Structure formats: structure tokens, C-alpha cells
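Undergrad: how would this look folded up:
(one chain, ligands or ions: 1)
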Amino acid sequence: MRKPLIAANWKMNMLRWEAEELARSFLEKVPDLTEYTDVVLIPPYTVLDVVKGVIDGTNVKLGAQNVFWEEKGAFTGEISPGMLKDSGCEWVIVGHSERRHVLGETDDMVKKKARAALDYGLNVIVCVGETLEERESGKHIKIITGQVEIALSDLELETPHSLVIAYEPVWAIGTGKHATPDEANDVQGTIREITGNIFGDKATDVRIIYGGSVTPDNIKELIGESHIDGALVGGAGLKAESLAEIVKLSGE
Ligand code: PEP
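TA: Numbering: from 1, shown residues only. Here you go, the predicted model:
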């Protein structure tokens, strides 16, 4: 049985005092939360320490929004998997659509990042998803298949529960439009098949989550009517009330 995962990606938001307030207020609202759901807060690098200070001693985990694949050296501006672990991170996102589309990250880079992070013992959320144009032209399954196959190629999967694939249609991120449970299910089925082909039985424990305009109003419909194992939450994760509500509803 796969435990649901709710991961809140705060993107490039939150000064130190704001991050502290949000993390504290969230914890107050869901004191006994992670019996039924894994919860990860994913703030910007600059406030990792602040959030860590608040969640220490709870079941809530800390994650980062990106990682580089090398261990150390002349890579100005990059952060290594070891540095993330050293900062208290247990999770990292790779291949978020904003990194792919705004910063030109390629499938090959996503693959290197995923491999480096897993090798370092981090849990990894690999994001994949199609643009509106790709969906409207019926190419979405082909696009997602390519993204998943490249990201997972040559991965040694020692601990399958450390790998999470987030299906995040680009047209649903920050737009208020979310995929229907059928659309999420359809892509989830494809990803499940690919992970099965690559990892065999181990793939059963790989979680496939959904991201794109998830809110307290749609989380139950999305999770309840599909086979997805949780959500990557952007905007709604910036408010303690909505994030707490999503976490609670995901476990019901
Ligand atoms: C995201 O950033 O991964 C995301 C899904 O954002 P939002 O929930 O705001 O659409």
C-alpha cells in the first residue's frame, strides 16, 4: 500500500519571517498529520534552515526545489545533493516545468539530477507534463513517455518509495485549471506501465502524484476518483489553512 504524499512547493516565495510563520501556522493546524500522509515542505534554499527549525521533531520533512548533479567544484550558483542533505533536506524536486520551460532544463539534465539525488539518499520528485499545445494536438502521452523514460534510464532503484513521479500538466500549473480525474488517471496509467517495464516488481512502491492547481476544493475528487498517490501543491501551499486542509482531506 502506497502512503499518500503531499508536497508543498513554495517556489520563489517567502522571506525568513514569512517562512517561519507559515510553517508554524501549518503545524498548528495539523498536529498529528503524518500518520496517514507523508508531508514535505519545499521552500527556497534561503529559508531551508528556518523551516527546518520549525519542523524538527515532527513528521514533516524538508525538501529543496532543485539540485545539481556534481558533488562539488566550479559550478557557480549550483547546489549539490550533499549540500542539501547537510541542510536537513530529505527530498528534492527535479525537472519542475518552470525549470524546464523558463530555465531550459532538458530531459538529460533531469536524468542526471534524479540519479545524483537518489545516489545521495535523497527522495526525489521527478516532474513531467505536457504543454497545452501538446495536449491539444494529442501528443501528450508521447511527450510524457519520453520524459519519464529518459529521466529514469540507468537509475538503480534501491528504495522504490524514494522515487515519486509528479504528473504536472503545464497548462494546469498556477492557472486555476486542473486535470480531471480521468485525465490524471490516463497519464498515471502510462507512467505506471513505464515504471513497471523499467523496474519490474519494485515499481509497485513508486508513487505517482498529480500537480496543477490543487486546492482543498478539488483534492478529494482528484485523489478519490483516480489512482494518484498524492499531490504536488504550489499556490495553495502558500497558505497554512489551505495546505492543512489538503493534507487532512488527502488522508480521509
Ligand atoms: C507546482 O508548482 O508544482 C504547482 C502545481 O503549482 P500550482 O499548485 O500553483 O498550480
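
Undergrad: For the stretch 101-250 of the chain, which residue gets nearest to the ligand?
TA: The nearest approach of the stretch 101-250 of the chain to the ligand comes at G234, 2.1 Å away (C-beta to the nearest ligand atom). Using the backbone N, CA and C atoms, a C-beta is placed for each residue, glycine as well.

Undergrad: what's the closest non-adjacent residue to that residue?
TA: Nearest non-adjacent residue to G234, counting by C-beta to C-beta, 6 or more residues apart in numbering: N9, 5.3 Å away.

Undergrad: Give the bridge partners for that neighbour, please.
TA: Bridge pairing for N9 (DSSP bridges) gives the partners I42.

Undergrad: and it, what is it in contact with?
TA: Taking C-beta atoms under 8 Å, 6 or more residues apart in numbering, we find N9 in contact with I42, Q65, I93, H96, G211, L232, V233, G234, G237.

Undergrad: try 7 Å this time
TA: I42, Q65, I93, L232, V233, G234, G237 (C-beta atoms under 7 Å, 6 or more residues apart in numbering).

Undergrad: For it, give me the pLDDT.
TA: We have a pLDDT of 98 for N9.

Undergrad: Likewise for E225?
TA: Note on E225: pLDDT of 81.

Undergrad: same check, this time on the one 4 residues further on
TA: Confidence per residue is given as pLDDT, and for D229 that number is 94.

Undergrad: Not including adjacent chain positions, what is the nearest residue to it?
TA: The spatially closest residue to D229, leaving aside those adjacent along the chain, is R207, at 4.0 Å (C-beta to C-beta, 6+ apart).

Undergrad: So in terms of bridging, what pairs with the residue positioned nearest the centre of the chain?
TA: With distances taken as C-alpha atoms, centre = their mean, I125 lies nearest the centre of the chain, 4.3 Å away. Beta-bridge partners of I125, counted by DSSP bridges, are I93, V164.

Undergrad: let's have the chain start at 11 instead
TA: Got it, the first residue is 11 from now on, which makes the last one we talked about I135.

Undergrad: got the contact list for it?
TA: With C-beta under 7 Å, 6+ apart, I135 has these contacts: A17, W101, I103, V174, A176, L242.

Undergrad: The same query, at a cut-off of 8 Å, please.
TA: The contact partners of I135, by C-beta under 8 Å, 6+ apart, come to A17, G73, W101, V102, I103, V104, V174, I175, A176, I219, L242.

Undergrad: sorry, back to before: give me the distance between the residue nearest to G244 and V224.
TA: According to C-beta to C-beta, to the nearest Å, N19 stands 11 Å off from V224.

Undergrad: Between the two, which contacts overlap?
TA: Shared contacts of N19 and V224 (C-beta under 8 Å, 6+ apart): L242, V243.
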